[in-house]
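Novice: Got a sequence here, can you build the structure:
(2 chains)
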Amino acid sequence: MTSLDDNSKEKLRSVSVDLNNDASLVIDIPDALCERDMVKFTVHTKTTLSSFQKPDFSVPRQHEDFIWLHDTLVETEEYAGLIIPPAPPKPDFESPREKMHKLGEGEASMTKEEYAKMKQELEAEYLAVFKKTVQVHEVFLQRLSSHPVLSKDRNFQIFLEYDQDLSVRRKNAKEMFGGFFKNMVKSADEVLISGIKEVDDFFEQEKTFLLDYFSKIKDSTAKAEKMTRSHKNIADDYIHISATLNAICAEDSVGVEIRGLLEGRVASDQELKLTELLRYYMRDIQAAKDLLYRRARALANYENSNKALDKARLKSRDIPQAEEHQQQCLQKFDRLSESAKKELTSFKGRRVMAFKKNLVEMAELEIKHAKVSLTAHPIKHTV
Amino acid sequence: SFSFSPTFTFSKFQILSRIPQPASLPALDISTNSNGPKQDSLMDDDPEDLFAGATEEVSLDSPERDVLLSDGPSPAITPITPPTSVIAPRIGHIEEEEGGDSFDVHISVSDPEKTSLSVFKQRDFSVKRRFSDFLGLHSKLASKYLHIGYIVPPAPEKSIVGMTKVKVGKEDQSSNEFVEKRRSALERYLMRTVKHPILLKDPDVLQFLENSELPRAVNTQALSSAGILRMVNKAADAVNKMTIKMNESDAWFEEKQQHFENLDVQLRKLHASVESLVCHRKELSVNTAQFAKSAAMLGNSEDHTALSRALSQLAEVEEKIDQLHQDQANADFYLFSELLGDYVRLITAVKGVFDHRIKTWQKWQDSQVLLLKKREAEAKLQFTNKPDKLQQAKDEIKELEGKVQQGERDFEQISKIIRKEVGRFEKERVKDFKTIIVKYLESLVQTQQQLIKYWEAFLPEAKAIS
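Specialist: Coordinates of the predicted model:
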């Protein structure tokens, strides 16, 4: 059972900003339990809204429940004009688990001290992954709770409140297939988007910007991850080096004490912050792109309805239906566009703020760690 | 960049005088071991002739030895009075020539007045040497000193891979790296060699330092330190295969041998870890550079002005950090990794010297056994009527008695020398390690300080986003 105290929660809540400002609905994940591959999150809600049965309650939820909620929202027609917050990624303990396995195999070739330190490192890595996944799930819910429209969603309320197992309501095979099909269509949409003649400058700019920015941020995320991995490798090397050096010097009784040559936990905080920021916004921008696709589809529908109306007029048949259909499409498109504009504008503001916060925190952490490593590891040598 | 410059002093600067030769004529020696120090003691407190048996020793050994004997004429040496001087060799690289790289060996001596040896009268002088010259020097020293217990520093490896790289292109980064690696290794090798009080006095060493031109060393294939290593290992194998275990009467040797076995294991492990560190640090540098580029592109793409500028700044910071990583990787390598590599090879030489002692003991034991047999045979002959055979037996016994005595002396001598050598070696090793580790930690400290500077410069940029 791993608990997170308030202090660490504060540190974690950094990727997205302006969440949980509204006291009428406050959500957090105070703790989570990790069993084998499954993580059980405790979702805790404090609310003043009358739509909820109780003012303060908690429910256990699995990752799959979050995915269900996300997909339900995506497939809700009403929310076509909104940026649906990206679904939290599946908890991935593969890397530390694999390393733990390797460590176990290599135990014989290490000293006790080395093994203990490596194990400590790995446990810390494991804990970091754990904390990360809790944070990302928490942020997802908080994005929803702070959204004027989405916070009122019925399924969201069920997610928060329903004290039974949600698996019944989760995607059945049919729905899943529907979702899959939707994804397939989406990639065709990309071609569609680029081809459509944009009437509105704002959206033209947004489209260009988002498409370009997405590919850049995706690249940056990948490169940042590589940097993080290299740092981790170096930290591991230093554990081995420090242990062996101490063994040699101890034998010499020379008196050169090399305490923790380590760069230590370099990778865990600062680089991770950068990587996490980039990764989150990569997904968020994908969500924004999805909004654009939906709008483009609505526009396409509208244009098709126009063509249909012209055809109907030509054939002098079913004109009222065609007119009605055309009106609906137009209204839908207009509603969507209006909503999308609002969403995209606030998205930009949110993104810039989040970047600022994270970059500042990252730089501060870098400085702090460098200073700490300077003072904490004196070289003592006696002649 | 990091440069090596341990200075050293030698208080007793005695050159053995050989059979006096006129200074102008190079001596042509017909004995099998032309340059072995024959005369007087090299160490003040040992008046005995250490090396009377040396010639014999060499000729009895495996045929491989013969290849290693010096093939050049030995220079004449005039005896000098002991001064106190400081010699610091530095090696620079000259352009590649046909047959391999040439190196500029620059010697600087302090207090040249204190020595009356002509070459050291100059304060600064340099000679040109080929890589094969270094190997040649080492092989000569190894053949003369290893088997009597001196820890001869191993020469740098002759790497085939490196050679082909050099030939491919001079401007190639990797070939520059290779040359620098080699140059640095040669410098360390030469410094260790001249630091050794005995080796410094060796005529071959002096010839190496002073002669304007050296005859090209032949058969460098066999002269490579790998070749020496193979020989040492063969000797070790021979020792292991011996059915007679040496009765170690001296606990010191047993203890030291175990100590060096352990040290060998630890050093190899450490070396492997540091090599891994160098590799990962280089990877980090590459990844950081790539990220910097990516961040710059992201900054360009960003439409919010302040954020765009911050991202570009981030890219710049990461670029600078990449340079830091590269410098650190160099420190990792040249300070740390190469030192460990040197010591792994040195420990092998040390172990070889211990094995030679066992071999010497074995030889002594064999002579004793043989003597016993001959005595038994003689006793038997007493009762036969074969006076000439008897006399022959008596002669052989006399000869063998001498051999046994010599064997014992050799054994005691090598034991004595090893004790001294190990003491000197350990002191050097500890000093070397301390110096290098302190330097290395300083490089780490420097890196951290730079990091602080860079990030502190970036922070206001990040805060300026609005």
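Novice: Give me the spatial nearest neighbour of A:Phe57, chain neighbours excluded.
Specialist: In this structure, A:Phe57 finds its nearest non-sequential neighbour in A:Thr45, 5.8 Å apart by CB to CB, 6 or more residues apart in numbering or on different chains. Every C-beta, even on glycine, is put in place using the N, C-alpha and C of the backbone.
Novice: Burial check on that neighbour, number of neighbours?
Specialist: For A:Thr45, the neighbour count with other CB atoms under 10 Å in any protein chain shown is 22.
Novice: And the helices in chain B, which stretches?
Specialist: B:54-60, B:63-68, B:131-145, B:160-168, B:173-195, B:197-200, B:203-210, B:220-223, B:225-241, B:251-301, B:305-330, B:338-382, B:387-463 (DSSP state H).
Novice: Could you identify which of the ones you listed is most buried?
Specialist: helix B:131-145 (a mean of 25; mean count of other CB atoms under 10 Å in any protein chain shown).
Novice: pLDDT of that one, averaged?
Specialist: Averaging pLDDT along helix B:131-145 yields 88.
Novice: For it, name the packing helices and strands.
Specialist: Applying 3 or more CB pairs under 8 Å, 6 or more residues apart in numbering or on different chains; DSSP states H and E, we find helix B:131-145 packed against helix B:63-68, strand B:100-110, helix B:173-195, helix B:197-200, helix B:203-210, helix B:220-223, helix B:225-241.
Novice: Of those, which shows the lowest average pLDDT?
Specialist: When I compare the helices and strands packed on helix B:131-145, helix B:63-68 is least confident, with a mean of 34.
Novice: number of nearby residues for B:Asp124?
Specialist: B:Asp124: 10 neighbours (other CB under 10 Å).
Novice: from memory it sits against B:His106, does it?
Specialist: Yes: the criterion here is CB atoms under 8 Å, and B:Asp124 meets it with B:His106 at 7.1 Å.
Novice: Using CSV, list the CA coordinates for stretch B:446-460.
Specialist: Extracted as CSV, the C-alpha positions of stretch B:446-460 are listed here (Å, rounded to 0.1, in the frame of the first residue of the first chain):
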residue,chain,number,x,y,z
GLN,B,446,33.5,21.8,-12.1
THR,B,447,30.7,20.3,-14.2
GLN,B,448,28.2,20.8,-11.5
GLN,B,449,29.3,24.4,-11.0
GLN,B,450,28.9,25.1,-14.7
LEU,B,451,25.4,23.4,-14.7
ILE,B,452,24.4,25.8,-11.9
LYS,B,453,25.5,28.8,-13.9
TYR,B,454,23.6,27.7,-17.0
TRP,B,455,20.4,27.0,-15.3
GLU,B,456,20.6,30.1,-13.2
ALA,B,457,20.9,32.1,-16.4
PHE,B,458,17.9,30.3,-17.9
LEU,B,459,15.6,30.7,-14.9
PRO,B,460,14.7,34.3,-15.5
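Novice: tell me the mean pLDDT for it?
Specialist: For stretch B:446-460, mean pLDDT rounds to 92.
Novice: So, low pLDDT: which residues of the stretch 1-150 of chain B?
Specialist: The model of the stretch 1-150 of chain B has pLDDT under 70 over residues B:1-88, B:93-101, B:107-123.
Novice: what does it have sitting close to chain A?
Specialist: Where proximity means CB under 8 Å from any CB of the partner chain, the stretch 1-150 of chain B presents no interface facing chain A.
Novice: B:Glu248 contacts B:Gln258, correct?
Specialist: No: B:Glu248 sits out of contact with B:Gln258 when judged by CB under 8 Å, with a separation of 11.0 Å.
Novice: mind checking how far the residue lying closest to B:Leu298 once chain neighbours are set aside is from B:Ile465?
Specialist: Closest residue to B:Leu298 apart from its sequence neighbours, by CB to CB, 6+ apart: A:Lys216 at 4.5 Å. A:Lys216 sits at a distance of 18 Å from B:Ile465 (criterion: CB to CB, to the nearest Å).
Novice: the more surrounded of these two?
Specialist: Set A:Lys216 next to B:Ile465 and count neighbours by other CB under 10 Å: A:Lys216 wins out with 23 against 20.
Novice: Low-confidence stretches in chain A?
Specialist: Along chain A, the parts satisfying pLDDT under 70 run over A:1-22, A:168-196, A:250-271, A:376-383.
Novice: make it 80
Specialist: Applying pLDDT under 80 to chain A picks out residues A:1-23, A:36-37, A:109-111, A:113, A:165-199, A:246-272, A:372-383.
Novice: close to chain B, is the longest helix seen in it?
Specialist: For chain A, the longest helix by residue count, based on DSSP H, is helix A:319-376. Yes: Helix A:319-376 lies within reach of chain B by CB under 8 Å from any CB, at A:348, A:352, A:355-356, A:359-360, A:363-364, A:366-367, A:370-371, A:373-374.
Novice: Kindly report the residues of the stretch 151-300 of chain A close to chain B.
Specialist: For the stretch 151-300 of chain A, the residues in contact with chain B (CB under 8 Å from any CB) are A:209, A:212-213, A:216-217, A:219-220, A:223-224, A:226-227, A:229-231, A:233-234, A:237-238, A:240-241, A:244-245, A:247-249, A:251-252, A:254, A:256, A:258, A:261.
Novice: coming back round to it: OK, contacts around the residue nearest to B:Leu298?
Specialist: Under the criterion of CB atoms under 8 Å, 6 or more residues apart in numbering or on different chains, the neighbours of A:Lys216 are B:294, B:297-298, B:301.
Novice: can you redo these as JSON lines with pLDDT?
Specialist: What follows is the contacts of A:Lys216, written out as JSON lines (pLDDT from 0 to 100):
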{"residue": "B:Ser294", "pLDDT": "95"}
{"residue": "B:Met297", "pLDDT": "95"}
{"residue": "B:Leu298", "pLDDT": "94"}
{"residue": "B:Ser301", "pLDDT": "92"}
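Novice: okay, the helices of chain B in CSV with distance to A:Glu343 next?
Specialist: CSV is the format used below for the helices of chain B (distance: least, CB to CB, whole Å):
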stretch, distance to A:Glu343
helix B:54-60, 90
helix B:63-68, 83
helix B:131-145, 70
helix B:160-168, 58
helix B:173-195, 50
helix B:197-200, 80
helix B:203-210, 80
helix B:220-223, 75
helix B:225-241, 70
helix B:251-301, 20
helix B:305-330, 19
helix B:338-382, 59
helix B:387-463, 26
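Novice: ok, now which ones touch residue 91?
Specialist: Picked chain A for this. Here A:Pro91 is in contact with A:34, A:39, A:63, A:129-130, A:133 (CB under 8 Å, 6+ apart).
Novice: hm, I was asking about chain B
Specialist: B:Ile91 makes contact with B:103-106, B:183, B:186-187, B:190, according to CB under 8 Å, 6+ apart.
Novice: Right, and chain A sits closest to which residue of the stretch 51-200 of chain B?
Specialist: Residue of the stretch 51-200 of chain B nearest chain A, by CB to the nearest CB: B:Ile151 (17.5 Å).
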